[in-house]
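**Student:** sharing a model prediction with you, sequence too.
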Amino acid sequence: MGEFKLTTVEEFEAATNRLLETGAKVGADAYQFRVKNQTPHCKFGEQGVCCRICMMGPCRITPKAPRGICGCDAHGIVGRNFLRFTAGGAATHSDHGREICHTLYCTAPDGNYKVKDPEKLIRIAHEWGVETEGKDIYDLAHEMAVLALGEYGKVFGFQNFLKRAPKHTQEIWEREEIQPRAIDREVSCSLHMTHMGCSSKPEALIRQSLRAGLSDGWGGSMAGTEFSDVLFGTPKPIDTEANLGVMVEENVNIVVHGHDPSLSEMICEYADDPEMIAYAKEMGAKGITVSGVCCTSNEVAMRRGIPMAGNFLQQENVILTGACEAIVVDVQCIFPAIGPLAKCFHTKFVTTSAIAQMPESDYIRFSPENAGENAKAIVKMAIENFKNRKPELVHIPQMKQKATVGYSFEAIVKTLDTVTNSQVDVTGTTKPLIECVKSGVIRGAVAMVGCNNPKVRPDTAHIALMKKLIENDIIIVASGCSAQAAAKAGLMDKRARDICGAGLKRVCQLADIPPVLHMGSCVDISRMMVLVAELSKDSGWNISELPVVGCAPEWMSEKAVSIGNYVVATGIDTFLGVDPYASGSSEVEGLLQGGIRDWVEACYTVETDIDKLVDKMIDRIEEKRVALGI
Ligand code: BF8
Ligand code: SF4
């Protein structure tokens with residue numbers, strides 16, 4: 001094992017440039033070129049002042065034309081666009097959650113999917129008031145799946161999981177009338193409110209944005225996370241590796257990409273099958289390597305230690321290695337560019353979901369009923385494709401870092417229990433962590449989340465922010481593509497403790513953890529909600545008083561706005577490095593970056609200067625400490 005050193009963004013970029021040279025040889029397109037073609041972006045779009053929700057438009061607001069044809073002003077248009085953006089994200093996360101609930105419904109002792117964490121299922125059943133005594137675990141799974149699916153369309157009442165929040169938070173949601181009702185209703189209601197001739201009042205639109213976001217974070221995403229754990233196991237610390245160097249030249253390389261673990265779990269299962277490995281050898285390979293891109297990669301890394309080939313803006317790179325036999329995708333964050341790019345190489349592009357169908361792909365429709373059969377067929381297809389590689393195009397950048405991942409809420413509680421020697425019985429609570437925060441050994445925590453976006457030099461913001469935060473004794477929980485940026489850099493290697501401040505370094509040593517804890521995929525930001533809820537209950541502080549902030553420095557997707565809304569609505573100040581198309585309305589911007597604090601005790605800060613962004617987060621954490629008198 002060589003000496004520990006972080007990988008720099010310059011090194012990432014050198015590897016990418018080398019891959020783009022291969023791309024040039026085969027006439028491949030890449031996002032770097034498309035960005036140039038799309039720059040400069042439309043100013044109306046950037047400011048959020050373009051409206052095309054009815055056929056009298058499209059209308060664009062300018063000083064000379066301050067209202068659309070219907071009379072809507074910039075504040076109404078920006079607010080409506082913001083709510084529609086949120087609804088898109090809430091629908092997307094929540095529908096992923098729904099698929100997981102459906103998979104739970106399809107579990108059987110001898111089926112493709114089984115119950116791997118029965119204790120967790122029973123725990124959730126008790127939370128929801130379901131009798132478990134003497135029930136067969138599969139009967140219980142089916143009963144819970146039906147109830148969970150019911151959360152999407154429940155006729156009366158609010159989301160079941162809201163009861164997990166501290167009382168104070170629940171009271172805020174009730175007072176502000178933002179408790180989410182049925183998940184589908186919040187999405188529908190958002191589209192209704194933004195139809196031509198409905199709401200144009202920023203307060204109403206932003207309030208519904210918070211409610212739709214909450215239906216995601218404390219509804220659909222939470223169901224996605226919790227029932228994925230029931231199906232595939234609750235993550236616990238596990239070692240893996242990250243970056244393109246995890247692909248193995250001598251092996252058949254299968255890359256899983258997307259979000260729903262129902263597909264990737266099955267592919268991993270069959271890629272491990274001795275029969276398949278023997279077949280790969282017969283075809284001239286040494287074995288089979290499955291690696292991942294985007295959130296599905298996080299899912300299988302957290303549960304199986306499957307290596308992470310990269311994050312969002314690295315998805316084209318896996319094909320440019322010339323060593324990818326198949327890229328198998330389910331839903332979300334998949335570039336439509338993959339089809340034409342794969343055609344420049346021998347790579348098979350396999351789409352599997354009716355939700356994400358793309359041209360120039362092999363469509364093998366996946367369902368819980370045919371999952372085993374289809375996963376086997378896909379693995380076989382990849383193996384048989386090994387012989388079609390063009391050796392002269394193969395180049396895998398030899399760049400990877402070790403990472404310890406798998407820090408679910410349950411795993412964090414268990415791991416951090418070992419840190420302090422408190423006299424009180426601390427087993428199973430967040431109290432040891434609170435003690436570290438109170439004493440100042442850890443100053444606070446930042447939830448680093450979200451995507452890459454070419455508007456920010458990819459990964460620089462994630463990595464620079466995390467480095468400075470851990471130097472300042474601020475622990476990080478990370479998810480999504482932010483977590484993968486950290487892992488690629490080496491920040492999830494336990495040896496990264498050496499670049500932390502003295503306090504955090506000590507905690508990392510005692511607990512044997514890296515300073516950046518991988519909490520999973522983007523739906524798993526619901527795990528972070530459970531964590532802050534428990535921290536609040538165990539400390540007696542309100543969530544908004546905790547020295548904790550959220551940050552998405554390179555975000556790009558609608559899902560990220562939905563997340564931002566539920567994080568803020570839960571009482572956590574959230575820092576964005578990319579402006580959410582809201583600058584065209586002083587009223588909407590004023591609410592998001594200030595006014596909503598009166599409603600939910602937190603708001604957004606938008607700051608595109610990375611150095612300033614990190615300083616603002618540190619200042620906010622220190623302000624909260626002062627307010628708590630710690
Ligand atoms: O849900 S962080 S680029 S992969 S949207 Fe997509 Fe953004 Fe990555 Fe996962 Ni999340
Ligand atoms: Fe224009 Fe109003 Fe129609 Fe929007 S709703 S396109 S502002 S007329």
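**Tutor:** Yep, it's here. Numbers count the residues shown, from 1 in each chain. Ligands and ions are numbered 1, 2, ... in the order given.
**Student:** which SSE is Gln332 in?
**Tutor:** In the assignment (DSSP states H and E), Gln332 maps to no helix and no strand.
**Student:** my error: substitute Ser291 in the last question.
**Tutor:** Per DSSP H and E: strand 288-293 holds Ser291.
**Student:** what about stretch 495-515, average pLDDT?
**Tutor:** Throughout stretch 495-515, pLDDT has a mean value of 97.
**Student:** now stretch 152-167
**Tutor:** According to the model, stretch 152-167 has a mean pLDDT of 98.
**Student:** for stretch 235-246, same thing?
**Tutor:** 98.
**Student:** and stretch 434-447, by the same measure?
**Tutor:** Stretch 434-447 shows an average pLDDT of 97 in the prediction.
**Student:** can you list contacts of that stretch?
**Tutor:** Applying CB atoms under 8 Å, 6 or more residues apart in numbering, the contact partners of stretch 434-447 are 416, 419-420, 422, 433, 465, 469, 472-479, 503-504, 506-507, 525, 528, 535, 538-539, 546-551, 567, 572, 617-618, 621-622, 624-625, 630. Yep, even glycine has a C-beta here, placed from its N, CA and C like the rest.
**Student:** quick check, pLDDT for the closest residue to Met193 other than its chain neighbours.
**Tutor:** What sits nearest to Met193 in space, not counting adjacent residues and going by CB to CB, 6 or more residues apart in numbering, is Ser199, at 4.4 Å. The per-residue pLDDT reported for Ser199 equals 98.
**Student:** so who does Ser199 touch?
**Tutor:** 76, 79-80, 193, 205, 208 are the contacts of Ser199 under CB under 8 Å, 6+ apart.
**Student:** tell me where the stretch 101-250 of the chain has helices.
**Tutor:** 118-127, 137-150, 167-175, 183-193, 202-215, 221-232 (DSSP state H, counting those that start in this stretch).
**Student:** save these as JSON lines, and put in distance to Ser291 and mean neighbour count too.
**Tutor:** Output for the helices of the stretch 101-250 of the chain, formatted as JSON lines (distance: least, CB to CB, whole Å; neighbours: other CB atoms under 10 Å):
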{"stretch": "helix 118-127", "distance to Ser291": "27", "mean neighbour count": "17"}
{"stretch": "helix 137-150", "distance to Ser291": "30", "mean neighbour count": "18"}
{"stretch": "helix 167-175", "distance to Ser291": "39", "mean neighbour count": "16"}
{"stretch": "helix 183-193", "distance to Ser291": "32", "mean neighbour count": "21"}
{"stretch": "helix 202-215", "distance to Ser291": "32", "mean neighbour count": "26"}
{"stretch": "helix 221-232", "distance to Ser291": "18", "mean neighbour count": "28"}
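**Student:** between the ones you listed, which gets nearest to His41?
**Tutor:** helix 202-215 (22.7 Å; CB to CB).
**Student:** phi, psi of the most centrally placed residue in the chain?
**Tutor:** For the chain, the residue sitting closest to the mean C-alpha position, by CA atoms, centre = their mean, is Cys522 at 1.7 Å. Main-chain torsions, Cys522, degrees, to the nearest 10: phi -70, psi -30.
**Student:** contact partners for it?
**Tutor:** Per CB under 8 Å, 6+ apart, neighbours of Cys522: 93, 221, 259, 295, 449-450, 479-480, 559-560, 563.
**Student:** mind checking how far it is from ligand 1?
**Tutor:** Distance check for Cys522 against ligand 1: by CB to the nearest ligand atom, to the nearest Å, it reads 3 Å.
**Student:** and if you look at Asn298?
**Tutor:** Distance from Asn298 to ligand 1, by CB to the nearest ligand atom: 8 Å.
**Student:** check contacts around that residue.
**Tutor:** 292, 308, 405, 479-480, 483-484, 518, 520-521, 524.
**Student:** if we can go back for a sec, out of the contacts of Ser199, who's nearest Val246?
**Tutor:** So of these, ranked by how close each gets to Val246 (CB to CB), first place is Gln208, at 42.5 Å.
**Student:** pretty sure the closest one is touching Arg84, no?
**Tutor:** No. The criterion here is CB atoms under 8 Å, and Gln208 misses it with Arg84 at 10.6 Å.
**Student:** now do the shared contacts for those two.
**Tutor:** Ser190.
**Student:** what comes up buried for stretch 80-92?
**Tutor:** Using 16 or more other CB atoms under 10 Å as the test for burial, stretch 80-92 gives 80-92.
**Student:** how about the residues of the stretch 251-400 of the chain by ligand 1?
**Tutor:** Counting by CB under 6 Å from any ligand atom, the stretch 251-400 of the chain comes close to ligand 1 at 259, 294-295, 312, 333.
**Student:** so which bits of stretch 54-64 are buried?
**Tutor:** 57, 59-61.
**Student:** spell out the secondary structure type for the residue lying farthest from the centre of the chain.
**Tutor:** Most distant residue from the mean C-alpha position of the chain: Lys64, 41.3 Å away (CA atoms, centre = their mean). Classification of Lys64 by DSSP: H, G, I helix; E, B strand; the rest coil places it in coil.
**Student:** what of Val446?
**Tutor:** Going by three-state DSSP: Val446 is strand.
**Student:** which residues does it form beta bridges with?
**Tutor:** Ile476, Val549 (DSSP bridges).
**Student:** quick one: it from Val328, how far?
**Tutor:** 33 Å (CB to CB, to the nearest Å).
**Student:** quick one: pLDDT of Thr429?
**Tutor:** 89.
**Student:** give the contact list for the residue of the stretch 251-400 of the chain found nearest ligand 2.
**Tutor:** Going by CB to the nearest ligand atom, ligand 2 is nearest to Pro336 of the stretch 251-400 of the chain, at 26.9 Å. Going by CB under 8 Å, 6+ apart, Pro336 touches 358-359.
**Student:** next, it: secondary structure please.
**Tutor:** coil.
**Student:** for it, phi and psi?
**Tutor:** The phi/psi pair for Pro336 (degrees, to the nearest 10) is phi -60, psi -10.
**Student:** ditto for Thr605
**Tutor:** Dihedral angles (degrees, to the nearest 10) for Thr605: phi -120, psi 130.
**Student:** near ligand 1, which residues of this protein show up?
**Tutor:** Counting by CB under 6 Å from any ligand atom, the chain sits next to ligand 1 at 259, 294-295, 312, 333, 450-451, 480-481, 521-522, 557, 559-560.
**Student:** let's see it at 8 Å
**Tutor:** Contact residues (CB under 8 Å from any ligand atom) of the chain with ligand 1: 93, 259, 294-295, 298, 311-312, 332-333, 449-452, 479-482, 484, 521-523, 555-557, 559-560, 563.
**Student:** now, the residues you listed that are in helices?
**Tutor:** 93, 294-295, 298, 480-482, 484, 559-560, 563 (DSSP state H).
**Student:** helices and strands of this protein: which one bottoms out on pLDDT?
**Tutor:** Each helix and strand of the chain was given a mean pLDDT (mean pLDDT, DSSP states H and E); the minimum falls on helix 409-416 at a mean of 93.
**Student:** and that helix, which residues are buried?
**Tutor:** 409-413, 415-416.
**Student:** before we move on, what about stretch 234-241?
**Tutor:** Those would be 234-235, 237-238, 240-241, for stretch 234-241 by 16+ other CB under 10 Å.
**Student:** strands along the stretch 451-600 of the chain, start to end?
**Tutor:** Taking DSSP state E, counting those that start in this stretch as the criterion, the stretch 451-600 of the chain carries its strands at 474-479, 516-520, 548-552, 574-576.
**Student:** now the angle from the third one to strand 474-479?
**Tutor:** Put plainly, it is strand 548-552. Angle, strand 548-552 to strand 474-479, by axes from the mean of the first three to the mean of the last three CA atoms, to 10 degrees: 50 degrees.
**Student:** for strand 548-552, name the packing helices and strands.
**Tutor:** strand 444-448, helix 525-539, helix 558-569, strand 574-576, helix 610-628 (3 or more CB pairs under 8 Å, 6 or more residues apart in numbering; DSSP states H and E).
**Student:** how about the helix or strand harbouring His75 and ligand 2, touching?
**Tutor:** Element membership for His75 (DSSP H and E) is helix 74-105. Yes. Using CB under 8 Å from any ligand atom, helix 74-105 reaches ligand 2 at 76-77.
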